[in-house]
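Participant: predicted coordinates and the sequence they were generated for:
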Amino acid sequence: MSFAAAGLALAACDLPQVVDGTDDGSLPEGEAITESPRAALNPTEIEVFLRDSTLSHQSDELVWHVYLGRDGSLTGLARGEDGRQVQRARGRWEVTEDGFLCRQWDGSWGGGASGCAQVYQFGTDFVFVVPGATIEDGIRRRRTPGDSQNVL
């Protein structure tokens, strides 16, 4: 395939919008998914969209940032509403052949258990749905490129 043909093929892809930073006030708070999603991302799309990026969301008390490293490393940082660091964690992530993003934290994050989820894209947000759950039950996270939230 020529470079021109490859460029046209990439131009036809529905790539996520690049966002330079994350304004904590605009992070997803688990609101109901009302948009119609396309199919779950395939393994290649998960790798392209999420490798070397930070995923962020907020709960009632904490703002969560997780960096997915190029080498399969996983680094998490939870901050209080005042911005101070509360929790840190490290682990590993991988994408399975059947299109699941799987993670294993080294410590107590995630209850110490491994977990896998299908990934759906909604613009710059991605929803992670564990097996047996519906998309409405998924966790919605905002993606920013690289280590945009200084997690490392």
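Facilitator: Looks like it arrived, so ask away.
Participant: which residues of this structure fall in strands?
Facilitator: 53-58, 62-68, 73-80, 85-95, 101-105, 115-122, 125-129, 139-145 (DSSP state E).
Participant: give me the sheet partners of the fourth one and which way each runs.
Facilitator: Each strand pairing with strand 85-95, determined using DSSP bridges, is listed with its direction: strand 73-80 (antiparallel), strand 101-105 (antiparallel).
Participant: okay if I get those as CSV plus distance to Gly115 and mean neighbour count?
Facilitator: Every C-beta, even on glycine, is put in place using the N, C-alpha and C of the backbone. Below are the strands paired with strand 85-95 laid out as CSV (distance: least, Cβ to Cβ, whole Å; neighbours: other Cβ atoms under 10 Å):
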stretch, distance to Gly115, mean neighbour count
strand 73-80, 11, 17
strand 101-105, 6, 18
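Participant: please convert those to a markdown table, extending it with distance to Phe126 and mean pLDDT.
Facilitator: Output for the strands paired with strand 85-95, formatted as a markdown table (distance: least, Cβ to Cβ, whole Å; pLDDT from 0 to 100):
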| stretch | distance to Phe126 | mean pLDDT |
| --- | --- | --- |
| strand 73-80 | 15 | 95 |
| strand 101-105 | 9 | 97 |
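Participant: can you list those strands in JSON lines and add distance to Leu50?
Facilitator: JSON lines is the format used below for those (distance: least, Cβ to Cβ, whole Å):
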{"stretch": "strand 73-80", "distance to Leu50": "11"}
{"stretch": "strand 101-105", "distance to Leu50": "7"}
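Participant: how far away is Thr54 from Phe122?
Facilitator: As for Thr54, its distance to Phe122 is 17 Å (criterion: Cβ to Cβ, to the nearest Å).
Participant: repeat for Arg140
Facilitator: 7 Å.
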